[in-house]
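Q: Here is my input, please return the structure:
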Amino acid sequence: MKKEYMLKRRISIYFKKEQLEKDVSFIRLKQPFLKKARKNFALAAFLMDISNKDDFKEMLSMPSDFEAYDWVVIIAYYSMYVSALAALANISFKSRSHAATLAVLEHAYVLKKKLDAKHLHSLSNAYSLSEAMITKLAQAKTNRESAQYDATPAIARQNALSAFADADEFITKVEGLLQ
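A: So this is what the prediction gives:
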């Protein structure tokens, strides 16, 4: 109960700061957001292929040591985030804040429905995101910030592979829920 109260309080603050809006017309944004999420994911896949495959680098006249793992992490996060916006649109919300998006997702999809991931797999049209999926989105946000703002050399290939796999799983889960 305490967690739900805290989420409601945070969501209320996001409304006051105009970082959240609620209007039934936002439902129309669901499909465009899902389409954009898949487009972004396809770009992450393209960059992953370029980073991993020498024949792609050669075909594109790229240096043999070229890799864009940092951008794979960044784009994978944004593909997850845009699919999260689709989930919010589905319940008539529009967000202008990553933190507000996470709060609404957790409140509307995790706490309200109280379904575990094991239940989600058995319910074809379950209206819930598992807590693990929300955690992956939050972790992807942290990884994206590191990849984007850290001045160290490239993000490790393993981090890019993980972000890429998490994004695919997250987007697929949201698409399944919103059908």
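Q: can you give me the strands in the protein?
A: Using DSSP state E, the strands found in the chain span residues 20-22, 93-95.
Q: Let's have those in JSON lines, adding mean neighbour count and mean pLDDT.
A: Glycine gets a C-beta too; all of them are placed from N, C-alpha and C. Putting these into JSON lines (neighbours: other CB atoms under 10 Å; pLDDT from 0 to 100) gives the following:
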{"stretch": "strand 20-22", "mean neighbour count": "17", "mean pLDDT": "96"}
{"stretch": "strand 93-95", "mean neighbour count": "21", "mean pLDDT": "96"}
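Q: center of this protein - which residue?
A: Nearest residue to the geometric centre of the chain (CA atoms, centre = their mean): residue 80, 1.8 Å.
Q: That residue contacts residue 171, doesn't it?
A: Yes - with contact defined as CB atoms under 8 Å, residue 80 and residue 171 form a contacting pair (6.6 Å).
Q: so what sits against both of those two?
A: residue 37 (CB atoms under 8 Å, 6 or more residues apart in numbering).
Q: just to revisit the earlier point, how about the strands of the chain, which one is nearest residue 52?
A: Smallest distance to residue 52 across those (CB to CB): 33.5 Å, for strand 93-95.
Q: what sits up against the closest one?
A: Contacts for strand 93-95 (CB under 8 Å, 6+ apart): 14, 19-23, 26, 29, 85, 88, 101, 104, 108.
Q: Just name the closest of the residues you listed to residue 144, please.
A: Distances from residue 144 to the contacts of strand 93-95, taken by CB to CB, are shortest for residue 101, at 13.5 Å.
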